[in-house]
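Asks: okay, predicted coordinates and the sequence, questions at the end:
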Amino acid sequence: MVLLTAREVALRLRNGSLSSTDVVSQCIERSRLARVLNAFITHTHESAMSRAAEADRRISAGQPLSQLDGIPVAFKDNFCTKGVKTSCGSRMLRNFYPPYSATVVQRLAGKGTVMMGKTNMDEFAMGSGSVDSIYGPSRNPWSRSVRYRERRLGDAEPLRVQATSGQVSYSLPSSTEKQKTCEDDETLSDEDDWLIAGGSSGGSAVAVATGASFIALGSDTGGSVRNPASYCGVFGYKPTYGLVSRHGLIPLVNSMDAPSIFARSTDDLAAALEIVAGHDIRDSTTVREQYKPFSLPDDLSVKDLHVGIPTEYHAPGLSQGMLDAWSWVADLFDNAGAKVSRVSLPHTQYSIVCYSVLCACEVASNMARYDGIQFGHRSEQGSSTHALYAATRHEGFNDVVRGRIFAGNYFLLKRNYEKYFVKAQQVRQLIAEDYRHVFSSGVNVLLTPTTFGDAPSYRSFIGADNRTRSMQEDVFTQPANMAGIPAVSVPVMLSERGLPLGLQLMADNFHDKQLLTCAKWLESQVNFPRFDPVTDS
């Protein structure tokens, strides 16, 4: 059951072969078995069982609130949840219990979903590995995979991956000769040899990948949902900016933050979007036009589709496995009758630097509210107001957050404002114009890598500082946030190390249905293997 999609579970709930209380009980058991992965900060198991019982009564009476009534969901710990701790993975908010819930939380609850808890994340969503939380890092469930551990320990040769037009096959070599498959230290310890989950929404990705939840929400500012989705072998979807309300999402970068969705299928993504999307009077950035819900067709064809391959995404450092996956999927589209052509996004190369400036500026503004006076952590060093502010922020924020605040305030100085912030905004417009030009030329979707390769080990990941790692990890995903366009990461195959590889699809603003329909077609073609990290370990 734990490897079923939300749609498959929903069908069983309707026909009576499963009950929501059974499903929730199984998810609770999964979260306990996989607790070493540290996906959750806060569990809400008691209230989950109560809500599941209510869902069972509604479904038995033939009055479900939605197609997701009774389905377990989880929320990244930067979505406000009334009466449930919302910490952002930070000491600053470790005892913060919001008096209200985020709009997306309210809407999902109103349609009968069952909240399993709040998931782990990088502090205030600043990171790309989910390793900078005060509650400890989240671990990738594929670290526990037999196929990966054997290759990591040298007990087996790399997995042989053969991608042909129409299918991908994996074969295990007959030889058991010792062979190292990565370039880490000789000492193999579970303390530092596990794989990162990606970030900053890594806990939500792990929750879905392990079966502790069927759908999970995260925030995506520069790839924080698509990145861990790729590393953990699940689907990660960032809607068009303004399609989903940000009310109650504790902000990182207001102009780029997007409440986003993890699931095990594109149908599940669409089902969750149907509930959370639409105008919200409490968020002026949501579109005012009435949202028209949609379901994805089962009769799929890409014959009239034009797929663009951005030349700038052939970046140095792209792994051979990811290149092979990219080429294979492009061939799948071509062989199915789609038009596949190379396109250019010339200002992409400036996107990550531009993002670094804008992110720091908005962080400096957003973090100013945490002063120890109104809410959050308050230092006991209160000899003066200035001393209270300084001590509170030093104690409450980690080095990463303080560093971005420092950089943002520097960029916003009067003498630097035009040189950095204004210039970055101008470059951002050029980046968005690149996408508009490509989509207006007839291209329907863009196909790119989501990450450089499969998930790195924790040891190799922390070899570089947070800022450097974030710039590296967000290269392929972050431009979509700059332009506000929808994007989705689709797991397509396993690497030679037996780890997931994800590719990204992007579409024009508010063409979310076309994007998810294309992703569903790709899902049906690649037949990505379903993996149970608890039993296959």
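Replies: That came in fine, so what should we check first?

Asks: what about the residue lying closest to N481 once chain neighbours are set aside, neighbour count?
Replies: Leaving out its chain neighbours, the residue that sits closest to N481 by Cβ to Cβ, 6 or more residues apart in numbering is M256, at 4.2 Å. Just so you know, the C-beta spots here come from the backbone N, C-alpha and C atoms, and that holds for glycine as well. M256: 24 surrounding residues under other Cβ atoms under 10 Å.

Asks: Q63 now?
Replies: Burial measure for Q63: 9 neighbouring residues, criterion other Cβ under 10 Å.

Asks: give me the pLDDT for it.
Replies: In this model, Q63 is scored at 98, pLDDT.

Asks: tell me the contacts of it?
Replies: By Cβ atoms under 8 Å, 6 or more residues apart in numbering, the contact set of Q63 is empty.

Asks: which parts of the host helix or strand of H386 are buried?
Replies: In this structure, H386 sits in helix 385-396 according to DSSP states H and E. For helix 385-396, the neighbour count (16 or more other Cβ atoms under 10 Å) marks L388, Y389, A391, T392, R393, G396 as buried.

Asks: distance to V73 and pLDDT for the residues you listed - can I get that in JSON lines?
Replies: JSON lines is the format used below for the buried residues of helix 385-396 (distance: Cβ to Cβ, whole Å; pLDDT from 0 to 100):
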{"residue": "L388", "distance to V73": "39", "pLDDT": "94"}
{"residue": "Y389", "distance to V73": "38", "pLDDT": "94"}
{"residue": "A391", "distance to V73": "38", "pLDDT": "95"}
{"residue": "T392", "distance to V73": "34", "pLDDT": "96"}
{"residue": "R393", "distance to V73": "33", "pLDDT": "96"}
{"residue": "G396", "distance to V73": "29", "pLDDT": "97"}
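
Asks: return the closest of the residues you listed with respect to A487.
Replies: Among the buried residues of helix 385-396, G396 lies closest to A487 (Cβ to Cβ), at 32.7 Å.

Asks: that closest one reaches H377, doesn't it?
Replies: Yes: if you go by Cβ atoms under 8 Å, G396 and H377 touch, sitting 4.1 Å apart.

Asks: mutual contacts of these two, please.
Replies: The overlap between the contact sets of G396 and H377 (Cβ under 8 Å, 6+ apart) consists of R91, M92, Y370.

Asks: roughly how far does the first one sit from F124?
Replies: With distances taken as Cβ to Cβ, to the nearest Å, R91 is found 11 Å from F124.

Asks: who's more crowded, these two?
Replies: F124 (28 against 16).

Asks: helix, strand, or coil at the nearest residue to that one once chain neighbours are set aside?
Replies: Among residues not flanking F124 along the chain, C88 sits closest, at 4.9 Å (Cβ to Cβ, 6+ apart). Following DSSP: H, G, I helix; E, B strand; the rest coil, C88 is assigned to coil.

Asks: dump the residue contacts of C88.
Replies: C88 touches D77, N78, M121, E123, F124, A125, I250, counting by Cβ under 8 Å, 6+ apart.

Asks: ok, back up a step: which neighbours do R91 and F124 share?
Replies: F397.

Asks: dump the buried residues of helix 385-396 to CSV, plus distance to A205.
Replies: Compiled in CSV, the buried residues of helix 385-396 are given as follows (distance: Cβ to Cβ, whole Å):
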residue, distance to A205
L388, 38
Y389, 36
A391, 35
T392, 32
R393, 30
G396, 26
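
Asks: quick one: end-to-end distance for stretch 411-421.
Replies: Using Cα to Cα, to the nearest Å, the span of stretch 411-421 from its first residue to its last is 6 Å.

Asks: list of residues touching that stretch?
Replies: V357, L358, A360, C361, A364, Y410.

Asks: please repeat the previous calculation with a cut-off of 6 Å.
Replies: Stretch 411-421 is contacted by residues V357, C361 when judged by Cβ atoms under 6 Å, 6 or more residues apart in numbering.

Asks: pLDDT of it, averaged?
Replies: For stretch 411-421, mean pLDDT rounds to 98.

Asks: report the buried residues of it.
Replies: Across stretch 411-421, burial judged by 16+ other Cβ under 10 Å covers F411, L412, Y420, F421.

Asks: now the two most distant members of the residues you listed.
Replies: L412 and Y420 (8.0 Å).

Asks: all helices for the stretch 51-200 of the chain, in order.
Replies: Assigned by DSSP state H, counting those that start in this stretch, the helices in the stretch 51-200 of the chain fall at 103-110, 146-153.

Asks: got the phi and psi for the nearest residue to A407 once chain neighbours are set aside?
Replies: Distances taken as Cβ to Cβ, 6+ apart put A360 closest to A407, at 4.1 Å, once the chain neighbours are dropped. Backbone torsions for A360, taken as degrees, to the nearest 10, come to phi -60, psi -40.

Asks: looks like V445 contacts L516 (just checking).
Replies: No: assessed by Cβ atoms under 6 Å, V445 is found out of contact with L516, at 10.5 Å.

Asks: ok, residues contacting stretch 106-120?
Replies: 24, 27, 38-44, 48, 51-52, 55, 65-66, 68-69, 71-77, 133, 135, 138, 203-204, 207, 213, 275-276.

Asks: any idea of the mean pLDDT in stretch 362-373?
Replies: Per-residue scores along stretch 362-373 average to 96.

Asks: ok, and what's touching that stretch?
Replies: 92, 251, 253-254, 376, 378-379, 388-389, 392, 404-405, 408-409.

Asks: closest one to Q167 out of these, please.
Replies: V253 (40.6 Å).

Asks: just give the nearest non-adjacent residue to that closest one, would you?
Replies: Nearest non-adjacent residue to V253, counting by Cβ to Cβ, 6+ apart: E362, 4.4 Å away.

Asks: so what's the residue count around the one you found?
Replies: E362, neighbours per other Cβ under 10 Å, totals 22.

Asks: so which strand or helix has it?
Replies: Assigned by DSSP H and E, E362 belongs to helix 351-366.

Asks: list the buried residues of that helix.
Replies: 351-352, 354-366.

Asks: just the contacts of C88 now: which is nearest V307?
Replies: The shortest approach to V307 among the contacts of C88 belongs to A125, at 31.1 Å (Cβ to Cβ).

Asks: before we move on, back to that, list the contacts for the residue nearest to A407?
Replies: So A360 contacts R404, A407, G408 (Cβ under 6 Å, 6+ apart).

Asks: so in the chain, which helix runs the longest?
Replies: For the chain, the helix reaching the highest residue count under DSSP state H is reported as helix 423-440.

Asks: which residues touch that one?
Replies: The contact list for helix 423-440 (Cβ under 6 Å, 6+ apart) reads 308, 343, 345, 347, 350-351, 354, 357-358, 479, 482-483, 485, 508.

Asks: ok, now which ones touch L332?
Replies: Q525.

Asks: give me the element it is part of.
Replies: Here L332, judged by DSSP H and E, is contained in helix 320-335.

Asks: so which elements touch the helix or strand just after that helix?
Replies: Later in the chain than helix 320-335, the nearest helix or strand by DSSP H and E is strand 339-343. Strand 339-343 sits against strand 306-310, helix 320-335, with contacts defined as 3 or more Cβ pairs under 6 Å, 6 or more residues apart in numbering; DSSP states H and E.

Asks: for S87, give me its contacts.
Replies: D77, L93, R94.

Asks: ditto for L358
Replies: Residues in contact with L358 (Cβ under 6 Å, 6+ apart) are A424.

Asks: helix, strand or coil for the closest residue to V488 other than its chain neighbours?
Replies: Using Cβ to Cβ, 6+ apart and skipping the chain neighbours, the partner closest in space to V488 is Y237 (4.3 Å). Three-state call for Y237 (three-state DSSP): strand.

Asks: was I right about Y237 contacting A487?
Replies: No: under the criterion of Cβ under 6 Å, Y237 makes no contact with A487, lying 7.6 Å away.

Asks: distance from stretch 42-49 to the middle of the chain?
Replies: Centre-to-centre, stretch 42-49 and its host chain are 23 Å apart (Cα atoms, centre = their mean, to the nearest Å).
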